[in-house]
Structure formats: C-alpha cells, structure tokens
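A.B. asks: Kindly return the folded structure for what I paste below:
(chains A, B, C and D)
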2 protein chains.
Amino acid sequence: MTARTRRGDETRRQILEAARDLFHKQGVVATSPDQVIEASGTGKGQFYHYFKNKESLVHEVLLSYLEEIRRRGGALDYDIRSWDDLERWFLAQLALQKSFRMTRGCPFGTIGNEVTENDELVRQDLSLIFEVARGKLARFFVQEKAAGRLEPRVDEEALADYCLAMIQGAMLLGKVKRSGDLVESVVAESLAHLKRYAGAFP
Amino acid sequence: MTARTRRGDETRRQILEAARDLFHKQGVVATSPDQVIEASGTGKGQFYHYFKNKESLVHEVLLSYLEEIRRRGGALDYDIRSWDDLERWFLAQLALQKSFRMTRGCPFGTIGNEVTENDELVRQDLSLIFEVARGKLARFFVQEKAAGRLEPRVDEEALADYCLAMIQGAMLLGKVKRSGDLVESVVAESLAHLKRYAGAFP
DNA sequence: CAGGAGCCAGACCGATCGGTACAATCCCGG
DNA sequence: CCGGGATTGTACCGATCGGTCTGGCTCCTG
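C.D. replies: Here you go, the predicted structure:
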C-alpha cells in the first residue's frame, strides 16, 4: 500500500492532500473517490493502488492529522505553555475558519458528526485524535497547578475536555450562522471561566 | 404538496418521522429517499407526491423541529425559568443521547456539520432554529438580570450562545468518545461558569 | 540495453443514487 | 352508486456510486 519511489510517494501525498481538503469542505460521505481523483490530478489506478478503499483513505487522512498534532506540524500548535498560548490556540482555530469565509467547521467535528455505528474504525481514529489533543491541553493545566497558579481542586482533564467541547461547539455554530463574532464571543466566555481558576495557591 | 385527506396526512407524517430518525442516526447525505421510503413503509409515489425532492424533505423536517421548539412540544423544553430548568435542559439532552447508547449527537449538530456552501436553504433553517433556541435561553438570563439576580454587565445573548455551543460540542465529543461522563463533566463545568454570574445585585 | 518492479490511465462492472411516468386504487360528495 | 380528485405501487430512467481489471508506461538495475 505504501509508495516505493519518490514519484509514487508524491502521488500518494497529492491524493491524501485532496482528500483532506474535500473531507473538510463537504464531509466524507459527500465525497466520492472520483472527486478525490479529479482534485488530485491522478487516476483511478493510483487511488486503489495506494489505498485499499475509501474507508482506508479516511483512516490515513486522520492519521496524518494525528501526526500533525503530535509533532506540532500543522496549522495549530497544541503545545500550550501559557494562558496566552491557550488564547492563541483558540483564536487560531477561528482564524482558520475565517480563512474559509466561515463556510467550514473543524475538520474533526465535520467528520465526527458523520460517524455512525458502522464506522467503528474512523470513530476510534477520531477518538484518539481528541485524546491526544486533550492530553496536550491537560498538560498545561497540570503545569499551572503544580506551580501553584491554579486552584488545586480542579480536574485538569475535565478542563481540557471543556476546551475541546467548547471550540467544537463554537465552530459548528459559527459555520451554521456564518458568524465569526459568535465564535469569538463563546471563546471569550470560556476563557473567562478558565481564568477564574487561576491565581496564587501557595 | 400538502395532504388533503386524513389518510394522506398520516402517510406524510410517517415519511417525515422516518426521515427525522434516519437523518439523526446517519446524517442527511448518507440517507437516500429509498431508505426513508422503506423505513416509513410507504412507496416512491407517496414520497414525491408529498415532497418536491430530498432537499425539501430536509427543509420540512427542520421546520417540524422548529415548531417543536417554539411550541415546546418536543423532547426538550426550551422555556427556561429557573436555574434548575436550565440544568434540566442540559441533562435532558444528555439523557436523549444516552437513550441511543451514545451513538448519536444532536440532530441539529449532525445536520449542521454536513452543510456546505450549496445548501443555503438548509443552512438558513438551522440558523433559524439556533436563533429561536438562543432567544428562549436568553429570555431566562434577561429575567434574572431584571430581578437583580444576575451581574448587570453580562450579555444575555452571549450567554445563550455559550450554552448552545457547549451542548453542541459536548454532544459531539460524547458521540465520538461514546462517553456520557464526558458530556456530564462539560455540562457541569459550563453550569458552574454560568452560576458564577448569579447573586444579588440590588 | 534488457528485464522487471513500480506506476499510471481509463474502460468497465453491478449497485444504488435521486427522480419521473403512469396506471391502479381509494374514497368522498352528489 | 358513480365521477373524479387524492392517493398509492411500481416500472423505469440516466447518472453516479465504490471498486476491479487490464494494458501500457517509466525508470532503476544488472
């Protein structure tokens, strides 16, 4: 399934790239292999040469996202070390959404909402992505608590989930309402909440 | 397009019912007219007799949801009058999700995330639904503020958006992770935030 | 420069997509 | 009890779905 030459590798990458964009734009179900092939400027032969089927393509796309989050290679930096970083992380998502004129949501949310009981593989991929993202965010809260700058009674993992849920919901509403202000307002509200836990706890 | 006899009305209702469930379960794009026809126990003739096409069926389904929210007929009661009502509203959504063994999200979120640039009609329907829901929630905050039980500087509409975004995000994550606890935790966190605005403001 | 592995293009496949046509049936008012 | 609109079931349509297969091309290697 994997490419063995530079040229093959490039082709594979193009397919992956096109799929990623189309999935983000119109969802997985609404995207046909033919569309991916067309958008990537390749052919049916290559598609099924490098990917077993459509589901496996989705799997690979999600893996590539996961890698980006882990190695902070993508558009978003999940390595939060300060409150400013956290705010930047939120606003970067809004900026990304705005760059598509508010016509798209979060790639993971878009795919996640399409998942049904029969897409167990994809569901687990997404679950893992959210798990990793949660870990990265939680690390920040753990750090703050250890430094005595966060209320000791808060659950860091719960706060991380709170962040993820909030940005997902905000981006979904933002997409439906085509409003960046809505997203901004929700983000601000949530940040205000989080910061209330901050302070000095000797 | 509308039924003219009792029997026709019943048929139309069955189609609508089946469509509503399938859209919720697997999304709009993944649902074909044939599936709706089969699930409703009707025929192709009836389907295209009562609905112009698939898009118009989606439109009608969303209209029926809108009606439910307005006339508080559905599974959820949007007429919030107390903090307990608000908490119940949150938890009712979780209960609904749990009743499907955490395999579904919010019907509006599911459909909303499928919307593309070409589905302007559906997008506006959803936008209206969220608008109405927001209005109902905001009314509660307005009431509280007027009674001097809410900080005067808060923006009631922003708080309502915050509630909607949170529940959307929580249900999405809950569906992907198949975890009700996750949803519960996020809801609790959000409620805690909101209640911090409460108090006595003479 | 011959051979073969890897890569590529597209014809082709059965199934299903969203939708139409049309004849048969129901059922209500006169 | 009958005329006619409402309702119903099904055959059928072109297009597209996800996927297979075959035959030719490229390019590295011996």
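A.B. asks: Next, see if stretch A:184-194 gets close to chain B.
C.D. replies: Yes - Stretch A:184-194 is in contact with chain B by C-beta under 8 Å from any C-beta of the partner chain, via A:185-186, A:189-190, A:192-193. For every residue, glycine as well, the C-beta is placed using N, CA and C.
A.B. asks: can the helix or strand containing A:Ala39 be found next to DNA strand D?
C.D. replies: Following DSSP states H and E, one finds A:Ala39 within helix A:33-40. Yes - Helix A:33-40 reaches DNA strand D (C-beta under 7 Å from any atom of the strand) through A:33-35.
A.B. asks: Identify each buried residue in the biggest helix by length in chain A, please.
C.D. replies: Criterion DSSP state H: the longest helix present in chain A is helix A:120-146. Buried residues in helix A:120-146, counting neighbours by 16 or more other C-beta atoms under 10 Å in any protein chain shown, are found at A:122-127, A:129-130, A:133-134, A:136-142, A:144-145.
A.B. asks: quick one: it near chain B?
C.D. replies: Yes - using C-beta under 8 Å from any C-beta, helix A:120-146 reaches chain B at A:123, A:126-127, A:130.
A.B. asks: Then stretch A:101-111?
C.D. replies: Yes - on the criterion C-beta under 8 Å from any C-beta, stretch A:101-111 is in touch with chain B at A:103, A:105, A:109-110.
A.B. asks: Give me the residue ranges of chain A where confidence is low.
C.D. replies: Along chain A, the model assigns pLDDT under 70 to no residue.
A.B. asks: what residues are up against the residue positioned nearest the centre of it?
C.D. replies: With distances taken as C-alpha atoms, centre = their mean, the residue of chain A nearest its centroid is A:Phe108 (4.8 Å). By C-beta atoms under 8 Å, 6 or more residues apart in numbering or on different chains, the residues touching A:Phe108 are A:65, A:126, A:129-130, A:168.
A.B. asks: Out of those residues, which comes closest to B:Ser179?
C.D. replies: A:Phe130 (10.3 Å; C-beta to C-beta).
A.B. asks: surely that closest one meets A:Leu164?
C.D. replies: Yes - if you go by C-beta atoms under 8 Å, A:Phe130 and A:Leu164 touch, sitting 6.1 Å apart.
A.B. asks: which residues are in contact with both of those two?
C.D. replies: Jointly contacting A:Phe130 and A:Leu164 under the rule C-beta under 8 Å, 6+ apart are B:Leu173.
A.B. asks: for chain A, what spans make up the helices?
C.D. replies: Under DSSP H, chain A gives helices at A:6-26, A:33-40, A:44-50, A:54-70, A:83-99, A:107-112, A:120-146, A:156-177, A:180-195.
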